[in-house]
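[1] here is the input, now give the coordinates:
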Amino acid sequence: MRLSARNKIPARVVGITKGEATANVELDAGGVRLVASITVEAAEELGLAAGSDVFALIKASDVMLGVDT
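    Just a heads-up that it's a prediction; the model follows:
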């Protein structure tokens with residue numbers, strides 16, 4: 001598979017919370033917690049479960065930062 005995303009982070013699934021349409025997949029990326037929101041259908045098609053090794057592929061047109069004033 002070839003992808004245009006340049007931010008490819010290896011991670012392990014530590015939990016999945018499924019709703020009616022969306023699944024929140026909690027990841028451990030080397031001690032950093034990430035949460036991916038994907039469709040339930042996609043989670044099932046990928047066979048995701050706690051312990052699955054995955055890659056978090058991140059592509060964003062904007063990154064916003066904030067600071068306390």
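[2] quick one, what contacts Asp62?
    By C-beta atoms under 8 Å, 6 or more residues apart in numbering, Asp62 lies in contact with nothing. Every residue, glycine included, has its C-beta placed from N, CA and C.
[3] residues contacting the longest strand along the chain, please?
    Longest strand in the chain, counting residues (DSSP state E): strand 7-18. Residues outside strand 7-18 that contact it (C-beta under 8 Å, 6+ apart): 23-30, 34, 40, 43, 48-59.
[4] and if you look at stretch 30-38?
    For stretch 30-38, contacts defined as C-beta under 8 Å, 6+ apart pick out Ile9, Pro10, Ala11, Thr22, Ala23, Asn24, Val25, Glu26, Leu27, Ala56.
[5] can you rerun that using 7 Å?
    With contact meaning C-beta atoms under 7 Å, 6 or more residues apart in numbering, stretch 30-38 is reached by Ala11, Thr22, Ala23, Asn24, Val25, Glu26, Leu27, Ala56.
[6] off-centre distance for it?
    Computed by C-alpha atoms, centre = their mean, to the nearest Å, the chain-centroid distance of stretch 30-38 equals 5 Å.
[7] returning to what we had before: skip ahead from the longest strand of the chain and say which helix or strand is next.
    strand 22-29 (DSSP states H and E).
[8] which one (most neighbours) among the contacts of stretch 30-38?
    In terms of neighbour count, Val25 stands highest of these at 25 neighbours, by other C-beta atoms under 10 Å.
[9] any idea how far it is from Ala43?
    Applying C-beta to C-beta, to the nearest Å, the value for Val25 to Ala43 is 6 Å.
[10] returning to that earlier point: give me the buried subset of the contacts of strand 7-18.
    Buried residues within these, defined by neighbour count using 16 or more other C-beta atoms under 10 Å: Ala23, Val25, Glu26, Leu27, Ala43, Leu48, Ser52, Val54, Ala56.
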